[in-house]
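>>> Would you be able to build a 3D model of this:
(chains A and B)
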Amino acid sequence: MREINNKMLQRLYWKRKEFMHAVKRFDRTQQFIVLFLTLLSVFMLLPIVYVFNHAFKPLHELFQFPPTFIVRNPTFQNFIELLSLTQSTFVPASRYMLNSIIVTFLATVGMVATGAICAYALSKHRFPGSKLIFGSIIASLLFAPETIAIPRYVVVQSLGIMNSYFGHVLPMIAMPVGVFLIKQFIDQVPNEMIEAAKMDGTTEFGIFMRIVTPMVMPAIATITILAFQNAWGNAETSTLFMQEDAMKTLPFYMSTLTSNLANSVARQGAAAAGALIMFLPSLIIFLLSQRKVISTMAHSGIK
Amino acid sequence: MSNNMQIRSRRNTDTSVGTGSKMTRKIMDLAAEIWKSRLSYLFIAPFYVMFVLFILIPIVAGVLLGFTYFNAIQFPTWVGWMNYQNLFSQDIIFLQHVVPNSFKFALFVGPLGYICAFFLAWLIAQLPGTLRTGYALAIYAPSLTAGIAMTVVWQVMFTGDRTGYLNSFLLKWGIIEKPVLFVQDSEFLMNVMIIVSIWASMGIGFLAILAGILNVDKQMYEAGRIDGISSRLQEIWHITVPLMKPQMMFAAIMSIVYTLKSGAIGTQLSGANPTPGYAGQLMINHIDDYGFIRYELGYASAISVVLLVVCYVLSRMFGYLFAPKEGE
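Take a look at the predicted model:
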């Protein structure tokens, strides 16, 4: 254990040395840019650092005057409070959490799977109407779902999928930006490879699974993140399509916690803990795959 | 004369028979082609069915509902252009508060946020690899917080008494003499909304711009220098931007959509819809107010249609700006 620690320290030390060395080699403009960006990054990250600290503050630190930024005696009290709180309808917070996990998982997998295969057909198959279909997907990038919430409500109601997981998951699958990004990426896959696989007698589905998918992993990773973020933070489906409290998700629960928080002092710690729970998964997934995301974005252009 | 007529008419019937058979043959061909590519349709179907159900149909239905009176219980009744007439002639809140507010908010969060995103991405692209990732992450991270989760931070930061972080800080340094009601006071709410929205606006649009800048071939800059480009600004204007027009377009569309979405922040911050004194009332809050509080769904749909038209016009404008020129 100690050996590993020592190794890590050494590596960190070398990293730091490299960094200082690199900074010294910069010209004036670059030094200025580093300074400016560092200050800005600190400013950008302040609220996030704050959430981390606030979530672990014990009660007396939450309402201390003057307010403190850094936590002194970290505790898990807020998380315990968050999970044991129950709504007036006696739905425990853990139920919202479970709903959120189920919905996010199904929506992300559903979006990526249906989106990727759709993008493959749009990119590599020639068939009547393909241009029209892709055109409609590009045009719809513009429409924020919020503006069509009312007719959506009517559609969901007439499909009879209110108060079910379908009501959460199916609308979230319709995420045109996902199909668009994968399609742009599949365009880069050379046609010769697909032709060669066809010669070998691979089925269309086999080509998609074994040749195209491995080659466009960066794009798939990217839309996995986007779909995940979209589903994990989405309160819209809970507010509009779910009347039963037991079917609602964590973001909705958060909104009930935070409404009028500025005026009341109760539950501030629980709300901060919830905010951290909402934020952390997105951050971790993004950190793991940021390289792939940036390389996908290079192909994001609309011509 | 009559001969001539006969010939002409005969020729006419000939051609009409010709086009008729051609038409049927075309339809047969098309049907055969559709049947041949049935696998492609099967691949597209799962996503596209969802797309049609939850995006296309709602858009069409929204346009239709805009012409009706609909209260979610009775069947909608057709009222023609009345909703639009009311919206532009009688809805005082819309004309006096929502339109100017939306305009101000959109102007700052849209173009200013977009320019900031470009400027920051350009600065980051000037640095070597390892540093680049760190800064890109720091600037992108706030957009991960979009949604209601961060409300807790803003509400505590801007709390109206001296326990609010900002108030406490400003009091300590003697900048203000008594606490300011940042999110309740109609004077401050809009500014707070704009700051928070710009803070969280560096999302995938920002990443697309960054990737676009990094993708520009370094040799282009050297070629530019030989051609007499002397300053960095000229370099950006003549080389970087023209080469990454498609990414700029994508980012522009993402920026429009974000601006639309983030309008809800006013209600989240102040904890009330309508916002205090209608100071933070934007189009999206107005739609929610009529749609889900007053249940005048027809009228709310009409407002949505106006919003969609505005978006469409804006995106066409960007499309015109970033369209690839001849020979590119």
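
>>> and the helix or strand containing B:Thr267, how far out from the chain's middle?
With secondary structure defined by DSSP states H and E, B:Thr267 is part of helix B:265-270. Taking the mean of its C-alpha atoms, helix B:265-270 sits 20 Å from the chain's own mean (Cα atoms, centre = their mean, to the nearest Å).

>>> next structured bit after that helix?
Next along the chain after helix B:265-270, taking DSSP H and E as the criterion, comes helix B:283-288.

>>> helix or strand right after that next one?
Moving toward the C-terminus from helix B:283-288, the next helix or strand (DSSP H and E) is helix B:297-322.

>>> And chain A, is that following helix touching that?
Yes. Helix B:297-322 lies within reach of chain A by Cβ under 8 Å from any Cβ of the partner chain, at B:Leu297, B:Ala300, B:Ser301, B:Ser304, B:Leu307, B:Leu308, B:Cys311, B:Tyr312, B:Ser315. Backbone N, C-alpha and C define where each C-beta goes, glycine included.

>>> With stretch B:181-192 instead?
Yes. Stretch B:181-192 lies within reach of chain A by Cβ under 8 Å from any Cβ, at B:Val183, B:Gln184.

>>> State the phi and psi torsions of the closest residue to chain B within chain A.
Closest contact between chain A and chain B, by Cβ to the nearest Cβ, is at A:Gly301 (2.3 Å). Torsion angles at A:Gly301 (phi, psi; degrees, to the nearest 10) stand at phi -60, psi 150.

>>> Identify the residues contacting it.
By Cβ atoms under 8 Å, 6 or more residues apart in numbering or on different chains, the contact set of A:Gly301 is A:Gln184, B:Ala208, B:Gly212, B:Met244, B:Lys245, B:Pro246, B:Gln247, B:Met249, B:Phe250.

>>> Contacts for the helix holding B:Thr267, please.
A:255, A:258, B:148, B:151, B:154-155, B:158, B:183-184, B:189-190, B:192-193, B:196-197, B:273, B:275-276, B:279-282, B:285, B:288.

>>> Low-confidence ranges, chain A, go.
In the predicted model of chain A, residues A:1-9, A:11-26, A:64-67, A:85-90, A:258-267, A:303 satisfy pLDDT under 70.

>>> Could you point out the longest helix of it?
What stands out as the longest helix in chain A, according to DSSP state H, is helix A:93-124.

>>> now the next helix or strand after that one: how far from the chain's centre is it?
Using DSSP H and E, the helix or strand that follows helix A:93-124 towards the C-terminus is helix A:130-140. How far helix A:130-140 lies from its chain's middle: 25 Å, per Cα atoms, centre = their mean.

>>> returning to that earlier point: near chain B at all, the longest helix of chain A?
Yes. If you take Cβ under 8 Å from any Cβ as the test, helix A:93-124 does meet chain B, through A:Ala113, A:Thr114, A:Gly115, A:Ile117, A:Cys118, A:Tyr120, A:Ala121, A:Leu122.

>>> Now, of these, which are buried?
Applying 16 or more other Cβ atoms under 10 Å in any protein chain shown to the residues of helix A:93-124 next to chain B, the neighbour count classes A:Thr114, A:Gly115, A:Ile117, A:Cys118, A:Tyr120, A:Ala121, A:Leu122 as buried.

>>> Show me which of the residues you listed is closest to A:Asn163.
Nearest to A:Asn163 among these is A:Thr114, at 23.4 Å by Cβ to Cβ.

>>> That closest one reaches B:Phe43, doesn't it?
No. If you go by Cβ atoms under 8 Å, A:Thr114 and B:Phe43 don't touch, sitting 9.4 Å apart.

>>> Can you report how many residues lie near A:Met97?
For A:Met97, the count of nearby residues is 17 (other Cβ atoms under 10 Å in any protein chain shown).

>>> before we move on, what about B:Phe70?
When neighbours are counted by other Cβ under 10 Å, B:Phe70 registers 25.

>>> ok, now the one 4 residues further on?
When neighbours are counted by other Cβ under 10 Å, B:Gln74 registers 8.

>>> which SS state does it fall under?
Three-state call for B:Gln74 (DSSP: H, G, I helix; E, B strand; the rest coil): coil.

>>> rewinding a little: please identify which of the buried ones among the residues of helix A:93-124 next to chain B is nearest to A:Val156.
A:Thr114 (18.2 Å).
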